[in-house]
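K.L.:
What follows is a protein structure lacking sequence information:
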């Protein structure tokens, strides 16, 4: 459960820049446990979410019934902005991979949002940033090796040298096979660039070498 109140998180993540002042009183701080769906593909969106802490996976169910993991996310981001602006049901499911915190804005009066230029500007900025990120991810998956993508992912998500890996999720997000990703992880372990400290938990041992493996701008 959240250890701090809503105001603490609004200040910490500078969310006053995203949500205009007159919406603050409607915001809700909520907690999602591991495996719980923040939103489900095909369902009507009841909230605009701002994911702030934890880790989630974004999953798209395909026409053949299979599910494809579009990405995993551990950094703060808006959820539901595409659906709000296109006035459609959820285009994907967002599932908590670990206990996660979100701030929710009830979508009880969408017409009010559509007539608010400041709010629309902030939503537009967030969508533009997501589009840029998706372009980077797409080109990265084509242009770089799994090892380079894995090293970049590790350094982007480590905390004081420690990080977690979920190969079944990452292999889908990287567009590679589970077996190949496991081989790459094993190679980093054998070279003592990283070490395993617990189930799915690892620690960086040779940061300089790992940095040299990352994707360069």
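P.N.:
Structure received. Since the structure is predicted, the reported quantities are computational estimates derived from the model, not experimental observations.
K.L.:
From now on I want contacts and neighbour counts done on CA atoms only, so please keep to that.
P.N.:
Noted.
K.L.:
List the buried residues for stretch 81-100?
P.N.:
Neighbour-count burial for stretch 81-100 flags 81-84, 89-100 (criterion: 16 or more other Cα atoms under 10 Å).
K.L.:
And for residue 149, the neighbour number?
P.N.:
Residues within reach of residue 149, counting by other Cα atoms under 10 Å, total 19.
K.L.:
I meant to write residue 183 there.
P.N.:
Using other Cα under 10 Å, residue 183 has 12 neighbouring residues.
K.L.:
Give me the buried positions along the host helix or strand of it.
P.N.:
Following DSSP states H and E, one finds residue 183 within helix 178-190. Neighbour-count burial for helix 178-190, counted by 16+ other Cα under 10 Å, picks out 181, 185, 188, 189.
K.L.:
Not including adjacent chain positions, what is the nearest residue to residue 88?
P.N.:
residue 44 (7.3 Å; Cα to Cα, 6 or more residues apart in numbering).
K.L.:
pretty sure the one you found is in a helix, no?
P.N.:
No - using DSSP: H, G, I helix; E, B strand; the rest coil, the secondary structure at residue 44 is coil, not a helix.
K.L.:
from now on call the first residue 349
P.N.:
I'll keep to 349 as the first residue from here, and by that count the last item is residue 392.
K.L.:
Quick check, pLDDT for it.
P.N.:
Looking at residue 392, its pLDDT reads 92.
K.L.:
Need the phi and psi values for residue 525.
P.N.:
Dihedral pair for residue 525: phi -80, psi 150, per degrees, to the nearest 10.
K.L.:
on that earlier part again, in a markdown table, list the buried residues of helix 526-538 along with distance to residue 562 and pLDDT.
P.N.:
Formatted as a markdown table, those follow (distance: Cα to Cα, whole Å; pLDDT from 0 to 100):
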| residue | distance to residue 562 | pLDDT |
| --- | --- | --- |
| 529 | 16 | 93 |
| 533 | 14 | 96 |
| 536 | 13 | 96 |
| 537 | 16 | 96 |
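K.L.:
Tabulate those residues (TSV), appending distance to residue 558.
P.N.:
Formatted as TSV, these follow (distance: Cα to Cα, whole Å):
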residue	distance to residue 558
529	16
533	12
536	9
537	11
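K.L.:
Mind giving me the packing neighbours of the helix or strand hosting residue 419?
P.N.:
Using DSSP H and E, residue 419 maps to strand 415-421. Contacting strand 415-421 under the criterion 3 or more Cα pairs under 8 Å, 6 or more residues apart in numbering; DSSP states H and E are the following elements: strand 395-409, helix 515-522.
K.L.:
count of neighbours near the residue nearest to residue 436?
P.N.:
14.
K.L.:
So which residue is dead centre in the protein?
P.N.:
Central residue of the chain (Cα atoms, centre = their mean): residue 421, 1.7 Å from the mean position.
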